[in-house]
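# Would you be able to build a 3D model of this:
(one chain, ligands or ions: 1)
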Amino acid sequence: MDLKSNHTALVLADPAPLNRVSSGLLPYSGATFSQNLFLTVPTMKAGILDIRASNCLDSMESSSPPDKKSRDFNNDLESTDTDVAYRAWLVVDFLCLSDFIFDTIRGVINLLYVLLSFALQLKYPSALASFDQITNPAKGKRIALFLDYDGTLSPIVDNPDCAFMSNDMRAAVKNVAEFFPTAIISGRSRDKVYEFVWLTELNYAGSHGMDIMGPVRQSFDDHSNCIRSTDNQGKEVNLFQPASEFLPMIDEVFNSLVNNTKDIRGAKVENNKFCVSVHYRNVDEKDWTVVAQRVHDVIRNYPRLRLTHGRKVLEVRPVINWDKGKAVTFFLNHLTKNNKNALGLSNCEDVLPIYVGDDQTDEDAFKVLREGNCGYGILVSSVPKESNAFFSLKDPQEVMEFLKSLVVWKKTSTL
Ligand SMILES: O=P(O)(O)OC[C@H]1O[C@H](O[C@H]2O[C@H](CO)[C@@H](O)[C@H](O)[C@H]2O)[C@H](O)[C@@H](O)[C@@H]1O
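Alright, predicted model coming up:
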């Protein structure tokens, strides 16, 4: 099958809810979901999976512009930046115009690009330059801080196992958590993100929010899918795991994906407990089709799993109505500062949530804040892109500066 030949406009990253039914009505029953968790099940009509695979490749290409091996391989956003001008350049090269026309066109293209960047920067102003705009509404309120991990607290690197955060960043996160209730919400497994961050004073959610650990509270206990457990220090905690019934399925899919991609040079499959990541950052671009095809071959047998896209990664996850946005809401309703009072999203007058993230999956959280008219999303990106965030920061270095500024502001603020 030629994956590229079919361009029917079905978006794989966020499949349209073809059927929206409560879990109790579904095949593969035995599932126990809390009342508000619905499954979105793609209709299994002939051909639809092929269309999904073709869109998979489109999304891989559009969401992750290929690196030129000769350029900075560690930062795909920087590469994206140069890719725009570079590709436009290639087109012009192809036309074999004289040097003068060539330079003029190149100049115009660069100017347009700068103007576009400027326009989008106005749309998502720097959170550092607009610091007062963020903190003024926070006066008399409690700020609750939500942080993504990869690309936000640590720079994007080739090897996902080596995405370490710097000691300076760790210190900045530790400091900020002393003043504001802080949670890390990552696509990685909760254990893995904790191994990187290694700070006990934070709250953690792994698997795109499908694995939340929080303090023992009655309000947690009231949720189905909530169990008591112990943390790394043996302290009693509550775990909220809305996709717990998917664990065996995810393990099975992980093994199949490892098997199906083991001959693709550079492909890496990561088990994130309630979801699986298939990395293609180190795969030659000519083999991206093969990656998309192999992933598609596996998940076509699992109608209750879906694909989303991150930064040069395909993410296989359960089709449940739960994402980073839902995790933010959950945290706000249960999060505590020094185990005192829950913040309560309903109580926007008292709380100002700030979410900082760089990836497509962070958009779910930005959207919750924007639509709830409660708090601010801050997009981490060095290139202009459309977002539900309100502000932007260029890279993890700027994120660190922002965190430090929050601490200074809090220490000097009299309110
Ligand atoms: O929600 P996040 O914490 O941002 O996690 C999303 C994915 O992050 C990791 O992959 C990304 O970072 C890697 C290390 O810099 C990079 O090599 C990869 O290309 C990026 O996609 C993580 O490994 C994935 O499992 C997460 O889904």
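# And F146, how close does it get to G266?
32 Å (Cβ to Cβ, to the nearest Å). For glycine as for every other residue, the C-beta is placed from the backbone atoms N, C-alpha and C.
# Comparing the two, which residue is more hemmed in?
F146 (28 against 14; other Cβ atoms under 10 Å).
# Assumed that one was part of a strand.
Yes: according to DSSP: H, G, I helix; E, B strand; the rest coil, F146 belongs to a strand.
# beta partners for it?
A183, Y355 (DSSP bridges).
# shift numbering so it begins at 58
With 58 as the first residue, the last one maps to F203.
# quick one: strands adjacent to the strand or helix carrying V373?
Taking DSSP states H and E as the criterion, the element that holds V373 is strand 370-375. Next to strand 370-375 in the sheet, as set by DSSP bridges, lie strand 333-336 (antiparallel), strand 362-367 (antiparallel).
# Now do the same contact list for the nearest residue to S462 once chain neighbours are set aside.
In space, S462 comes closest to F188 once its chain neighbours are excluded; the distance is 5.7 Å by Cβ to Cβ, 6 or more residues apart in numbering. F188 makes contacts with 459, 462, 466, as judged by Cβ atoms under 8 Å, 6 or more residues apart in numbering.
# ok so, going back, which residues are in contact with the strand holding V373?
Counting by Cβ under 8 Å, 6+ apart, 113, 117, 244, 264-265, 267, 300, 303, 306-307, 310, 314, 329, 331-338, 348-349, 352, 356, 361-366, 418 sit against strand 370-375.
# Mind checking which of those residues land in strands?
Taking DSSP state E as the definition of strands, those contribute 333-336, 362-366.
# From these, list the ones also adjacent to the ligand.
With Cβ under 6 Å from any ligand atom as the criterion, the ones in strands among the contacts of strand 370-375 include 334, 336 near the ligand.
# Among the ones in strands among the contacts of strand 370-375, pick out the one closest to the ligand, please.
S334 (3.4 Å; Cβ to the nearest ligand atom).
# Run a quick neighbour tally on that closest one.
With other Cβ under 10 Å as criterion, S334 counts 21.
# got a list of what it touches?
217, 244, 326-327, 367, 370-373.
# follow-up on the earlier one: now do the residue nearest to S462 against N232, distance only.
Distance from F188 to N232, by Cβ to Cβ: 17 Å.
# circling back to that earlier point, please check the contacts of strand 370-375 and keep the buried ones.
113, 117, 244, 264-265, 267, 300, 303, 306-307, 310, 314, 329, 331-338, 348-349, 352, 356, 361-366, 418 (16 or more other Cβ atoms under 10 Å).
# Can you find the helix or strand of the chain with the lowest average pLDDT?
strand 76-79 (a mean of 26; mean pLDDT, DSSP states H and E).
# wouldn't R322 be in contact with V347 here?
No: using Cβ atoms under 8 Å, R322 is not in contact with V347; the gap is 10.2 Å.
# If anything else comes up later, I'll come back, but that's it for now.
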